[in-house]
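*Asks:* can't give you the sequence, but here's the structure:
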């Protein structure tokens, strides 16, 4: 059974589910999912999980994500990006120095209000469904963290520019740009978005859908990457053949007898293949999440 991760460069205009559907057709397999939804207008890193690798989606560590985003000052839309309808305009301009100074105030832990055009649920309904009905509802503040944020381009006359950022999961870049515009005493709208890093995969590693189709036709399952890539921040336990058999049977192992053991914590376990995550407590090692092939796979 085919299993692994395909880091796709999501095309503009595609939903994340569109990409999954395309890969399902290429691979002829139903068990496919993605992590880290991207809006249709966005492009960039979208890791797609295939086969038993889908079991890893809900346990991937909350790593940073990186983006490059274009913006324009002077107007706002109902979606907070260029795909929406303009709702406000402002003639107030800002200098490059003012933009840089304003951006510095967003670095660190901050709060955001999710935009109405988002997949967040309020009262059991998706916000974008409510927005399409012309409704606006109160949304709870959420804490996110901006690790790095810099202005890479700016034209003071047009008010357009580009930012590059590293942030925590759950960050809305278009909300950040809207907040930036208002902090400058004007308005701001996101005009483009590229995710350049997510779940351990960089933009340079990604393939287009057609490129992957060609690679799969030539190399089969070898065109996919190991799901272990998503867990490289955890130390590795190397199990012997006997230890692997016991581990797969749910037997708790003596950590002191396993190569790579260094104390309590979470590990990635490897035997004849990547087995999944293990947890050590009081020197006993047990299965935390199994990712090995079973009869059901």
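*Replies:* Perfect, I can see it now. It should be emphasised that the depicted structure is a prediction, and the values quoted were computed from it without experimental measurement.

*Asks:* do you know how far residue 29 is from residue 275?
*Replies:* Residue 29 is 22 Å from residue 275, where distance means CB to CB, to the nearest Å. (Glycine included, C-beta is placed from N, CA and C.)

*Asks:* These two: who's more crowded?
*Replies:* residue 275 (22 against 14; other CB atoms under 10 Å).

*Asks:* Name the nearest residue to the more buried one, ignoring sequence neighbours.
*Replies:* residue 269 (4.3 Å; CB to CB, 6 or more residues apart in numbering).

*Asks:* which residues does that neighbour bridge with?
*Replies:* Beta-bridge pairing for residue 269 (DSSP bridges): residue 237, residue 276.

*Asks:* And for residue 284?
*Replies:* Assigned bridge partners for residue 284, using DSSP bridges, are residue 254, residue 281.

*Asks:* Go ahead and confirm it touches residue 254.
*Replies:* Yes. Counting by CB atoms under 8 Å, residue 284 touches residue 254, with 7.1 Å between them.

*Asks:* Can you tell me the centre-most residue of this protein?
*Replies:* When CA atoms, centre = their mean is applied to the chain, the residue found nearest the centroid is residue 36 (3.5 Å).

*Asks:* so what's that residue up against?
*Replies:* 45-47, 65, 169, 195, 198-199 (CB atoms under 8 Å, 6 or more residues apart in numbering).

*Asks:* and the residues you listed as JSON lines, adding secondary structure and pLDDT?
*Replies:* Formatted as JSON lines, those follow (DSSP: H, G, I helix; E, B strand; the rest coil; pLDDT from 0 to 100):
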{"residue": "45", "secondary structure": "strand", "pLDDT": "97"}
{"residue": "46", "secondary structure": "strand", "pLDDT": "96"}
{"residue": "47", "secondary structure": "strand", "pLDDT": "95"}
{"residue": "65", "secondary structure": "strand", "pLDDT": "94"}
{"residue": "169", "secondary structure": "coil", "pLDDT": "89"}
{"residue": "195", "secondary structure": "strand", "pLDDT": "97"}
{"residue": "198", "secondary structure": "strand", "pLDDT": "92"}
{"residue": "199", "secondary structure": "coil", "pLDDT": "88"}
